[in-house]
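**Q** Have a look; sequence and predicted model below, questions after that.
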Amino acid sequence: MGNMDGKAVEDLSTTEIHQWYKKFMTECPSGQLTLHEFKQFFGLKNLSPASTAYVEQMFSVFDMNKDGYIDFMEYVAALSLVLKGKVEQKLRWYFKLYDVDGNGCIDRGELLNIIKAIRAISGSKDATSAEDFTNMIFDKIDLNGDGELSLEEFMNGVQKDDLLLEILTRSLDLSDVVRMIQNDGKLPETSTSDGDKGQVN
């Protein structure tokens, strides 16, 4: 089950947990979600290599005890943290997600790949290129100029910059996922005419 943030989980209503459990057990009767099932669960298919790597990293962060599966408690803990956790808790979670090689620092390459993957999955058409956005983040918060962001630099830098905080929070906005759970696996009407594209949001 791994370490969970009790407060975030306690903030969930019984109805929310029931809906999440119903969706989870419908998609995954064994109670253990594999990476393949995780992609199906969120309607992620035909992804680019960068997007696939991002999804694999997200799966790894959800899989708190590193047994290769996401059980229901890991799933609830991760979703509730992202949806209802305090800013500092979310930033720690984001840092873990961006730190692909797990060395305790985020370098430009890791951040760039994650940003590209997030944009590909969400279908985002930002005016700023992924490269420029990555450079902007490093220019703002890489205080010692070593080309890597430590957890401390990341936490302090993002919390002091409202724009960065808003962008990072939006990049992991799982409200579509919650709406899918509440609508029994169907995305809201806005996406239905886009075919497969709508399922990747």
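**A** Nice, I can see it.
**Q** what about stretch 46-65, distance to the chain center?
**A** 9 Å (CA atoms, centre = their mean, to the nearest Å).
**Q** List the buried residues for that stretch?
**A** Buried residues in stretch 46-65, defined by neighbour count with 16 or more other CB atoms under 10 Å: 47, 50-55, 57-64. (C-beta placed from N, C-alpha, C; glycine too.)
**Q** The residue lying farthest from the centre of the chain: what secondary structure?
**A** For the chain, the residue at maximal distance from the C-alpha centroid (CA atoms, centre = their mean) is residue 144, at 27.4 Å. At residue 144 the chain is in coil, as set by DSSP: H, G, I helix; E, B strand; the rest coil.
**Q** ok, now which ones touch residue 106?
**A** 95, 98, 99, 148, 149, 154 (CB atoms under 8 Å, 6 or more residues apart in numbering).
**Q** Find the residue closest to the fourth one in space, skipping its chain neighbours.
**A** Counting by CB to CB, 6 or more residues apart in numbering, residue 105 is the residue found nearest to residue 148 once chain neighbours are left out, at 4.0 Å.
**Q** count of neighbours near the one you found?
**A** As a burial measure, residue 105 scores 18 neighbours (other CB atoms under 10 Å).
**Q** residue contacts, residue 60?
**A** Neighbours of residue 60 in contact, by CB under 8 Å, 6+ apart: residue 66.
**Q** Work out for me the element it sits within.
**A** Following DSSP states H and E, one finds residue 60 within helix 49-62.
**Q** roughly how far is the next helix or strand after that helix from the heart of the chain?
**A** Using DSSP H and E, the helix or strand that directly follows helix 49-62 along the chain is strand 70-71. From the chain centre to the centre of strand 70-71 is a distance of 15 Å (CA atoms, centre = their mean).
**Q** Summarise which helices and strands the helix or strand following strand 70-71 is packed against.
**A** The helix or strand immediately downstream of strand 70-71 is helix 72-84, counting by DSSP H and E. If contacts are counted by 3 or more CB pairs under 8 Å, 6 or more residues apart in numbering; DSSP states H and E, helix 72-84 sits against helix 6-10, helix 14-27, helix 49-62, helix 87-98, helix 175-182.
**Q** Please produce a markdown table containing the ones you listed, extended by mean pLDDT.
**A** A markdown table is the format used below for these (pLDDT from 0 to 100):
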| stretch | mean pLDDT |
| --- | --- |
| helix 6-10 | 49 |
| helix 14-27 | 80 |
| helix 49-62 | 82 |
| helix 87-98 | 84 |
| helix 175-182 | 55 |
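**Q** Of these, which is nearest residue 163?
**A** helix 87-98 (14.3 Å; CB to CB).
**Q** what about dumping the CA coordinates of the closest one to CSV?
**A** Below are the C-alpha coordinates for helix 87-98, written out as CSV (Å, rounded to 0.1, in the frame of the first residue of the first chain):
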residue,chain,number,x,y,z
VAL,A,87,0.1,22.6,-2.3
GLU,A,88,3.3,21.4,-0.6
GLN,A,89,2.1,17.7,-0.8
LYS,A,90,1.2,18.1,-4.4
LEU,A,91,4.5,19.7,-5.3
ARG,A,92,6.4,16.8,-3.7
TRP,A,93,4.3,14.4,-5.7
TYR,A,94,4.9,16.4,-8.9
PHE,A,95,8.6,16.4,-8.2
LYS,A,96,8.6,12.6,-7.9
LEU,A,97,6.8,12.4,-11.2
TYR,A,98,9.2,14.7,-13.0
